[in-house]
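> build me a structure from this.
(2 chains)
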Amino acid sequence: MSEEYIVEMRHITKRFPGIVANDDVSIQIKKGEIYALLGENGAGKSTLMSMLFGMYEPDEGEIYVKGKKVKITSPNYATKLNIGMVHQHFKLVSNYTITENIIMGMEPVKKILGMFPSVDIKKANEEIRKLSEEYGLEVEPTQVIEKVNVSIRQRVEILKMLYRQAEILIFDEPTAVLTPQEIEFLLQIIRNLRDSGKTIILITHKLEEIKQVADRCAILNHGKIVDILDVASTSTKKMANLMVGREVSFSVEKAEPKFGEVILDVKDISVHNQDRFEVVKHVSFQVHRGEIFAIAGVSGNGQVELADAVAGLMKVSGGTITLKGRDITHESIRRRTEMGISYIPEDRQEYGLLLDFTLKENLAMKSYYKEPFSGKNGILKRDEFEKYGKRLIEEYDIRSGQGTVTQVRSMSGGNQQKAIIAREIELQSDLMIFVQPTRGLDIGAIENIHKQIIAERDKGKAILLISLELDEIMSCADTIGVIYNGAIDKIAPADTLSTSQVGEFMMGVKHK
Amino acid sequence: MKKLLVKILGNEKTQFIAIPVFSILISLIVGMAVIGLLGKYPATAYINLLQGSGLMPKPSYSAYQGMLTDFTSFLNMLTPMLFAALSVAVAMKAGLFNIGVSGQMLAAGFIATVTVGYSALPSAAAKPLVILVGIIVGMLVGGLVGFLKYRFNINEVVSTIMVNYIVQYLTSFFINTRYMDQISRQSKAISGASRLTLMDVPMAGLQVDLPLCVILAVLAAVLIRFFLDRTSVGFEIKAVGANRNAASYAGINVGKTMVLSMMISGALAGLAGVTYYLGYLQSIQPKVLASTGFDAIAVALLGNNNPVGIIFSSFLITAVTKGSSYMSSASGIDPEIASVITGLILLFSACSAFIRYQVGKWKTELEEAERRNADVNNNH
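Below is the predicted model of the structure:
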């Protein structure tokens, strides 16, 4: 019976301290199909595939590849079994060429003068070019990695697998960093791969992609298989409901905006990063009271640096930032917070939270030094922390194991984000900066955060929303600015732009 | 076995004390095995250690000596260790590794020796002055390291080691050229009035050495704990230590906080210096750094950088070190074995994170099994 399945995972259970990541999971994958693993963050998709790729070993259960029972102890062994994986974070050497990255570890060798072994780079380039053409990957083998964009880097990762004769290709959230056009292209590549006989496993939480390419789909929830479906005969809606475990609505309800006076006025600012590279170039825009100003753009085009510059985490090298008519260009971070800036940073674990501190300490992380948390003598009032923590946990529905004294590290990503948003809303700032507020969160949490953003707007806050998710921009924004290569070339009311237009601007295609 | 361990160590609320005690017990048991291999009685050796530290009575004492004599002399050794470990801990809380406690001790000890130790000041003025000089010198040296880190981003591990050398050679230069006692080959002894330990005080028919600053050291531990846990500046230091990016995001001035915590760390090292060179000892040996400053790193780790934990860990480590010479003379075990035991204690304490992880894993497994059993029972 195992003949027809190229991969079988039977009764897999994997535990980590405190959680069961996979609980008696069984999947069977046919040769030549696109098999999707769908589930919210933390549902156990990546863990399951990490076991197939040899990064973890299951506590219980068996894995069969091509009908044979195997014990995959390392990624190297998985490669020998013709299994390849494209990770969410690419593993490439940035100052090597595409070919060099691909052949690393298994270089074709020639002998100069019949005795000195050396890498036959010409032959390798030729091989890579051929491989690239065969699957329609469109990469130039001699280009250096740091000079090419994310989409091409991802294709290099795919080539790496193909070069190692992978038959079973695992993609871990491959579209998270791509623009709509690039996603289309990738999905086509995936179809090509299938048509040439490869087996594809796609880990994702994006339903449309599954609908577009996948043949079958397993839905995971809390480490368990909820259902295994034939994609063609199932509606997106049904898949979403199964994944979340309840009814979800896709659209964001939003009243007409009422713009007030200008809150944030950014004039001609430029920012240089640590390598003295100009990452934000002469950017100007205004955000009004009651407006959601969204900045769309592909990752790495300067949007995070722009947000950091407004919040004071990065110095500007030119231009002025004005908040409510006062120049804040050279104010400290604390001063800006006090003058009315809330900031939900992109990297919530590295910037937004002190992971080893308790929840209540994190909730008061920006106001611990003043009344009511500290007296004039600088002594902290513990009961105030406790009271405040309890109130916010209640009001913002922050779930945690041990209430106010939970270590934030132990909380789920969604609840960590809830804590940050609660803290920042409670600052009652006039300007709120949201960067990637829903990154890595599940559908339920995303819905909730969008509602909160709009509610804050309706209270008369000015909102600066920076996101890589075009859907998020399109459903929340009142005004859209598109950032490309550090410059904002297009600013327009949201209702005058279509998704594909914004996508084109994100790619740097300029219209007259 | 698993069940028992999970029961003892599994409770998260008591883990902070249960796991260190558990690892110390394990290391003492392994230490017993080592002593056993040498063909000696392990229990006797441990009793000797305690006797040498004045924590248990010896079978016989010479004239004017008693358990109290040993104990106060133990406290005399404990005082600088406690200060030094607190110094390491404060820096560690701010995410800085102060490996230069010994150098800061020497700088403070040397300056206090030549300014106050060689003066003719009366006791009432000299002793507080020694403490004050110790604090100020230590604070300046620590502050310098913090400033280098803040202004030029010089790694504090490098700069403290460099400062160690500079202090070591500068002080020996001055001692060799100006303050040398030709007989002892050390710096000249300081005046009795400025020494922080009262020597040969008659008490209960015995003669004991009274370290005046041991109370100050315990007080400092309590104070530092309060400072770190209950003040907003302490909150800032811990935030910077936990994550500099997040701290700066929260509006904390990271550079200022690092300089401040190095100044506090240096001040505590200065206190360790004066209680060591002008208390436990009365002179300075040129070109030698006190090992206290390095042992303190281990003591701080054993105490989990918790000031109150450090009181206990410095007590334990000092007891083993202090008792080793008596153990050696009483049961013929080389005093180096005491270092082996200290090493074992540190080794096993360093494993505490692993122990916690393993216990956590076992706990999940047991709960899992229990749940399954319950399921089976329900189905019947």
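
> burial of residue B:55, as a residue count?
Residue B:55: 17 surrounding residues under other C-beta atoms under 10 Å in any protein chain shown. Backbone N, C-alpha and C define where each C-beta goes, glycine included.

> what's the neighbour count on the residue nearest to it when sequence neighbours are not counted?
Using C-beta to C-beta, 6 or more residues apart in numbering or on different chains and skipping the chain neighbours, the partner closest in space to residue B:55 is residue B:319 (6.4 Å). Neighbourhood size, residue B:319 [other C-beta under 10 Å]: 20.

> what residues are up against residue B:319?
The contact partners of residue B:319, by C-beta atoms under 8 Å, 6 or more residues apart in numbering or on different chains, come to B:49, B:50, B:53, B:55, B:74.

> counting contacts, what elements does whichever strand or helix holds residue A:490 pack onto?
Secondary structure assignment for residue A:490, by DSSP states H and E: strand A:487-493. If contacts are counted by 3 or more C-beta pairs under 8 Å, 6 or more residues apart in numbering or on different chains; DSSP states H and E, strand A:487-493 sits against strand A:278-288, strand A:479-484.

> residue A:433 in helix, strand or coil?
strand (DSSP: H, G, I helix; E, B strand; the rest coil).

> my read: it touches residue A:310, true?
Yes: between residue A:433 and residue A:310 there is a contact at 6.2 Å, judged by C-beta atoms under 8 Å.

> just the CA trace of the strand holding residue A:490, in PDB.
Provided in PDB are the C-alpha atoms of strand A:487-493 (Å, rounded to 0.1, in the frame of the first residue of the first chain):
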ATOM      1  CA  ALA A 487      11.800  56.900  -1.600                       C
ATOM      2  CA  ILE A 488       8.000  57.500  -1.500                       C
ATOM      3  CA  ASP A 489       7.100  58.200  -5.100                       C
ATOM      4  CA  LYS A 490       3.400  57.800  -4.900                       C
ATOM      5  CA  ILE A 491       0.900  59.100  -2.400                       C
ATOM      6  CA  ALA A 492      -2.800  58.900  -3.100                       C
ATOM      7  CA  PRO A 493      -6.100  58.300  -1.400                       C
END
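
> give me the residue from the stretch 51-200 of chain A nearest chain B.
Closest to chain B within the stretch 51-200 of chain A is residue A:59: 8.8 Å, counting by C-beta to the nearest C-beta.

> ok, how many other residues are close to that residue?
Considering only other C-beta under 10 Å, residue A:59 is surrounded by 16 other residues.

> dump the residue contacts of it.
A:13, A:14, A:15.

> again, 10 Å this time
The neighbours of residue A:59, taking C-beta atoms under 10 Å, 6 or more residues apart in numbering or on different chains as the test, are A:12, A:13, A:14, A:15, A:16, A:20, A:21, A:22, A:51, B:365, B:368.

> likewise residue B:218?
So residue B:218 contacts B:78, B:79, B:82, B:307, B:308, B:311 (C-beta under 10 Å, 6+ apart).

> the helices in the stretch 251-380 of chain B, which residues?
B:254-275, B:292-302, B:307-331, B:336-350, B:352-379 (DSSP state H, counting those that start in this stretch).

> pull out the buried positions in the first one.
Burial within helix B:254-275, assessed by neighbour count using 16 or more other C-beta atoms under 10 Å in any protein chain shown, is assigned to B:254-255, B:257-275.

> what does the last one give?
If you call a residue buried by 16+ other C-beta under 10 Å, then helix B:352-379 has these buried ones: B:352, B:355, B:356, B:358, B:359, B:360, B:362, B:363, B:364.
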